[in-house]
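Undergrad: have a look at this prediction, sequence included:
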Amino acid sequence: MNFKSFALSGLLAVLMAPAHAAFTTVFSGGALSITADNEAQVLLTCNSGNVAINGNTALTPANVACTSVVSITVTADALANSIDLSAMTAGEFSALTAIALLGGDGVDSIVGSFTTDVVTGGRGDDSISLRTGDDVNVWNNGDNTDAVIGAEGNDRQIVNGAGVGDVFTIFTKLRVGKVWLR
């Protein structure tokens with residue numbers, strides 16, 4: 001892999017990814033939606049008061065002020081993608097109330113944010129790191145084996161089986177907090 005530049009619909013991104021990697025953004029009414037395509041890396045930060053993806057603030061349709069973002073949805077495609085919101089801060093994203101991180105069918109790496117995240121890994125053997133906040137990780141029947149690491153807050157794991165006598169094994173390593181199974 002090497003550094004490549006990509007231009008898509010007025011969006012310029014510099015990524016360390018395969019030559020075909022890309023992402024698209026939509027911002028409307030406070031909602032920021034990012035779709036990662038073809039093994040994309042999405043590192044979301046605030047740069048000089050504007051939302052930056054991989055250091056670039058020139059989003060489609062235009063620059064987006066970090067303080068104007070109310071919700072964020074990041075969706076990965078069927079390949080291996082990287083989604084990382086760990087560099088975001090509450091001071092920069094002061095209006096943010098909801099985050100959804102949706103892995104696809106690939107082996108994704110997902111790192112949450114400073115606030116409550118709802119994470120669905122998808123069908124690959126994903127690596128999920130929940131950060132601070134009362135996060136929710138959703139596992140659906142057929143989602144393979146995900147490694148999920150919690151942090152501060154009261155994180156929840158939702159397991160949606162097929163309802164046909166599924167057997168689940170949950171391994172825990174108690175460091176901070178508690179594990180509740182219902």
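TA: Nice, I can see it.

Undergrad: give me the three-state assignment for residue 89.
TA: Following DSSP: H, G, I helix; E, B strand; the rest coil, residue 89 is assigned to coil.

Undergrad: so where does the closest residue to it other than its chain neighbours fall, helix or strand?
TA: The shortest distance from residue 89 to any non-neighbouring residue, by C-beta to C-beta, 6 or more residues apart in numbering, is to residue 114 (6.1 Å). C-beta coordinates here come from the backbone N, C-alpha and C atoms, glycine included. Assigned by DSSP states H and E, residue 114 falls within no helix or strand.

Undergrad: residues near the residue nearest to residue 162 when sequence neighbours are not counted, how many?
TA: Once flanking residues are discounted, residue 162 sits nearest to residue 141: 4.3 Å by C-beta to C-beta, 6+ apart. Residues within reach of residue 141, counting by other C-beta atoms under 10 Å, total 11.

Undergrad: how close does residue 141 get to residue 158?
TA: 12 Å (C-beta to C-beta, to the nearest Å).

Undergrad: got it, and residue 51?
TA: Residue 51 is 29 Å from residue 158, by C-beta to C-beta.

Undergrad: more neighbours: those two, which one.
TA: A side-by-side neighbour count of residue 51 and residue 158, using other C-beta under 10 Å, places residue 51 first with 26 against 11.
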